[in-house]
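Q: after the sequence you'll find the predicted model.
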Amino acid sequence: MQDKERNERYNSYVEAKIAKTHAWPSLFNSFWVGGIICTIGQIFNDVLLLSFPNMSTQSAWAFTLIFLIFLASFLTGLGVFDKIGAFAGAGTIVPITGFSNSIASPALEFKNEGIIFGMCAKMFIIAGPVIVCGTVASMIVGLIYLFI
């Protein structure tokens, strides 16, 4: 009986502390901010292709991804990207900028612990499982495809 009462008190405490969000404004903000991020990438890619007409489309997209990763990491370092992420939610997570932020944030958070045991060890604390799962899943699918 004590466990049930304790769980009820804990649940009421969590309900009081959890941030309240409104679904439709959050979805709208996520949509338009994610769209702006993708539009910035498209504009950068188009300007790159116009500036260097001999550049292949694949190379232009590679430079565009590098630019977006740099921009998100830079804004994370300035503390701006977290504010954009709090406002837009998944709109900043879905593009590659969210992956960049998930690596840069822990690196900045643990920089006081030193380069090796702080930044390098904790850099992939969020993105690491995603990288491992993606790599393992692609290997499994590749092996299935190879033998079937």
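A: That came in fine, so what should we check first? Numbering: from 1, shown residues only.

Q: next up, the contacts around the residue nearest the centre of the chain.
A: In the chain, the centroid-proximal residue (C-alpha atoms, centre = their mean) is residue 98; its distance is 1.7 Å. Applying C-beta atoms under 8 Å, 6 or more residues apart in numbering to residue 98 gives the contacts 72, 85, 92. From N, CA and C alone the C-beta is placed, and that goes for glycine too.

Q: helix/strand/coil for it?
A: helix (DSSP: H, G, I helix; E, B strand; the rest coil).

Q: list the buried residues in stretch 89-105.
A: Judged by neighbour count (16 or more other C-beta atoms under 10 Å), stretch 89-105 contains these buried residues: 89-92, 95-105.

Q: ok, stretch 4-17 next?
A: Going by 16+ other C-beta under 10 Å, stretch 4-17 has no buried residues at all.

Q: could I get the average pLDDT for that stretch?
A: The predicted model assigns stretch 4-17 a mean pLDDT of 85.

Q: could I get the CA-only coordinates of that stretch as PDB?
A: Extracted C-alpha coordinates of stretch 4-17, given in PDB (Å, rounded to 0.1, in the frame of the first residue of the first chain):
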ATOM      1  CA  LYS A   4       1.000   2.800  -4.400                       C
ATOM      2  CA  GLU A   5       0.800   5.900  -2.300                       C
ATOM      3  CA  ARG A   6       4.400   6.800  -3.000                       C
ATOM      4  CA  ASN A   7       3.900   6.300  -6.800                       C
ATOM      5  CA  GLU A   8       0.800   8.500  -6.700                       C
ATOM      6  CA  ARG A   9       2.700  11.300  -5.000                       C
ATOM      7  CA  TYR A  10       5.600  10.900  -7.400                       C
ATOM      8  CA  ASN A  11       3.200  11.000 -10.400                       C
ATOM      9  CA  SER A  12       1.500  14.200  -9.100                       C
ATOM     10  CA  TYR A  13       4.900  15.700  -8.500                       C
ATOM     11  CA  VAL A  14       6.000  14.900 -12.100                       C
ATOM     12  CA  GLU A  15       2.700  16.300 -13.500                       C
ATOM     13  CA  ALA A  16       3.300  19.500 -11.600                       C
ATOM     14  CA  LYS A  17       6.900  19.900 -12.900                       C
END
